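Student: Starting from these lines, generate the structure:
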Amino acid sequence: MGPDGTAMAPDRAEAAERPATERHASRRQAWRWALLVAAGWAVQLGLRVWLSRGQTVPLANPDESAYLIAARVLAGGPPTDFSDSTLYQGGYPLLITPVFWFTQNPVTVYHAVLVINAAVSAGLMPLAYLAGRRLGLGRLAAYLVAAVTALLPAGVFYAEYAMTDAIYPVLVLAWLLATHSWLTARSVRGQYAAAAGSALLAGYGYAVHSRGTVIVVGYVAVGILIFWRRLARRGTVAVAALALAAAGTASWALDRYLTSAMYPEGTRDLTAQMKTALHTVHGAINVLEMAAGQMWRLVLDSWGLAGIGLVAATAAIVYRGTRIDLRIMAALGVAVTVVTASTVPAALPPDQSQTWASGRYLDGMIVVFFLVGAVVLLRAWARTILGCAAGAAALTVLAAVVVAAYAGPSLPTDGFGYAFNFAEAAVLTQDWTGASVWVATAVTLGLLALWVLAALAARRWHAVILARVVRVSGLLRVAGLVGLAAVSVAAVTQMTSQVSRTATAAQVSDTTGFVAASALTPGDRIAVAFNVGLQPRPFDVSFELWAPQAFEVWWTELEFFDITQAPPAGVNVVEAGWPPGQPARASWPQAPAGWRIVASSEFGGWVTWRKA
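Tutor: Residues are numbered from 1 along each chain as shown. All right, here's what the predicted structure looks like:
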């Protein structure tokens with residue numbers, strides 16, 4: 001029947017019913033895929049929880065302990081004096097603070113924090129799916145690429161630690177997607193929502209880590225361009241500016257509060273250190289070396305694909321046929337990568353040049369360009385794929401030459417600190433003592449060649465218009481993605497075994513072992529032999545040891561004192577360092593009368609004294 005109640009012609013009735021049927025089917029299909037993406041997120045969550053199941057104490061110290069104690073302070077708990085060290089910003093502690101509202105048990109807190117990490121980190125799956133769809137992939141291809149992207153070690157491994165790196169890849173990808181939505185939203189409401197959302201994400205990135213400053217600068221540049229070129233309503237720029245200012249102010253206030261509570265003698269000035277590093281010709285050379293090390297790891301840690309993505313994004317900037325929104329996003333991604341690689345490592349201590357080749361600072365961009373590289377292999381023409389692969393290979397070899405020149409041809413991978421920083425290189429070389437720069441580079445280029453060959457084979461088969469052959473093309477693409485996923489899962493499993501699980505037993509004996517062996521209970525006041533800001537002495541306790549202990553001792557603040565002097569008034573427990581090759585009593589040669597040793601660990605290097 002028509003609107004007036006009269007009968008419609010059969011062909012007109014069918015035409016009116018068809019759009020409604022198609023809309024219903026489209027909505028049903030969208031819901032089905034939404035459920036599949038949610039299931040993918042749950043699988044990714046389960047994988048991360050399973051990988052971190054054996055960890056009970058902070059391992060990457062002082063970073064993990066500082067973030068955990070900062071969260072405890074925000075929940076109203078006792079602080080610890082981290083004066084003269086890096087300011088561990090409040091964005092990440094704010095996320096995990098609610099855990100302290102329900103429990104003070106350190107092991108329970110740590111497990112809960114790792115579950116929060118896993119839940120946020122698994123968000124790479126839905127975000128990568130959305131990004132794949134925007135880059136032109138079909139639903140199935142976008143789903144598979146998203147699943148593989150979320151398995152990359154840069155997005156999984158750091159979720160096993162209470163550190164900003166656990167959430168940073170998700171934050172970066174979410175910010176880029178929100179910024180792209182600002183450029184492409186069709187409705188006025190959508191433009192305003194995307195502008196505010198992208199600004200808040202940029203502001204939160206600034207609150208989480210110093211590299212968020214690079215994100216804010218890049219975002220401001222995009223906002224100016226949008227205002228100048230009228231790429232969105234100018235009112236949205238004002239909304240974004242207000243939201244960014246609000247987030248930045250809140251971040252500043254949060255950091256000031258944590259500084260007053262945890263850094264009474266001040267923090268290490270990273271900005272001044274960075275300016276010093278960039279001030280001289282030698283410093284400028286160091287910047288180039290830092291950037292090369294970071295770029296080497298960008299390609300290495302993505303099994304070659306992020307190199308393809310980076311080259312493709314650079315080409316999209318200069319290619320006239322690129323849509324304006326994609327050109328802006330490509331420029332933003334490349335700029336953030338290059339500036340981060342060139343500036344953030346400059347804040348590292350100058351005697352730690354090997355860590356210039358660490359992949360942590362670009363973890364978010366590694367994930368982003370891995371995704372872009374996968375899309376290029378699936379969608380681009382053969383000539384484009386070969387050109388991007390050649391550019392990525394040249395970049396990798398050049399960066400490897402620079403790394404070998406300043407860090408040496410082999411990177412140390414023995415011990416937690418080295419293994420943590422160079423885990424992907426150790427996996428590629430299968431050497432957990434010293435990873436060869438050249439072997440790691442060669443293996444990466446070999447993997448890159450495999451992915452390229454699979455993509456080219458799939459395109460060649462696809463060109464033949466035969467149903468059976470087209471199926472072979474699809475199988476080749478799926479096989480390539482399965483291969484990528486297998487490499488990533490094997491890598492992150494080995495990284496967890498060699499880095500996290502190996503370090504857990506020793507750290508447990510030094511932290512929970514210290515509390516249990518010393519019979520510490522709420523009410524005890526503990527002083528640690530440690531001179532803040534001065535060179536440690538044999539009877540001082542290292543910060544790698546006292547930092548996790550400060551988290552374990554949840555009821556009070558650890559106090560620091562010069563062990564050649566009397567302990568602070570009211571203290572009834574003292575922890576001192578055990579000088580190598582000497583008896584435990586040598587840890588406190590001037591111990592006052594009434595103090596006796598109640599626990600010690602020669603392996604851990606600590607001795608506990610208690611006042612009778």
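Student: can you list the weak-confidence ranges in the chain?
Tutor: 1-20, 22-24, 270-278, 347-353, 460-474, 476, 532-536 (pLDDT under 70).
Student: which residue sits closest to the most centrally placed residue in it in space, ignoring its chain neighbours?
Tutor: Ranked by distance to the mean C-alpha position of the chain (C-alpha atoms, centre = their mean), the top residue is residue 165 at 2.7 Å. Leaving aside its sequence neighbours, residue 165 sits nearest to residue 158 (C-beta to C-beta, 6 or more residues apart in numbering; 3.6 Å). All C-beta atoms are positioned from the backbone trio N, CA, C, and that covers glycine.
Student: That neighbour and residue 360 touch, don't they?
Tutor: Yes: counting by C-beta atoms under 8 Å, residue 158 does reach residue 360; the two are 7.2 Å apart.
Student: what sits in contact with each of the two?
Tutor: Listed as contacting both residue 158 and residue 360 by C-beta atoms under 8 Å, 6 or more residues apart in numbering are residue 165.
Student: Give me the neighbour count for the residue nearest to residue 590 when sequence neighbours are not counted.
Tutor: Distances taken as C-beta to C-beta, 6+ apart put residue 564 closest to residue 590, at 6.4 Å, once the chain neighbours are dropped. When neighbours are defined as other C-beta atoms under 10 Å, residue 564 has 12 of them.
Student: swap in residue 441?
Tutor: 24.
Student: Now the helix or strand where residue 394 lies: buried residues?
Tutor: For residue 394, the enclosing helix or strand under DSSP states H and E is helix 382-407. Across helix 382-407, burial judged by 16 or more other C-beta atoms under 10 Å covers 384-385, 387-389, 391-393, 395-396, 399-400, 402-404, 406-407.
Student: Now the element after that helix, going C-ward?
Tutor: The element immediately downstream of helix 382-407 (helix or strand, assigned by DSSP H and E) is strand 410-412.
Student: The very next helix or strand once past that next one packs against which elements?
Tutor: As assigned by DSSP H and E, the chain's next helix or strand after strand 410-412 is helix 416-421. Secondary-structure packing of helix 416-421 (3 or more C-beta pairs under 8 Å, 6 or more residues apart in numbering; DSSP states H and E): helix 502-510.
Student: mind checking how far the next helix or strand after the helix it packs on is from the chain centre?
Tutor: Counting by DSSP H and E, the next helix or strand C-terminal to helix 502-510 is helix 512-517. Centroid separation between helix 512-517 and its chain, computed with C-alpha atoms, centre = their mean, to the nearest Å, is 31 Å.
Student: export the next helix or strand along the chain from helix 512-517 as PDB, just CAs?
Tutor: Following helix 512-517 in sequence order, the next helix or strand is strand 526-529 (DSSP H and E). Taking Å, rounded to 0.1, in the frame of the first residue of the first chain, the C-alpha atoms of strand 526-529 are listed here in PDB:
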ATOM      1  CA  ILE A 526      62.400   1.600  58.100                       C
ATOM      2  CA  ALA A 527      65.400   3.600  57.100                       C
ATOM      3  CA  VAL A 528      67.600   2.700  54.100                       C
ATOM      4  CA  ALA A 529      71.300   3.500  53.800                       C
END
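Student: Having no further points to raise, I will conclude here.
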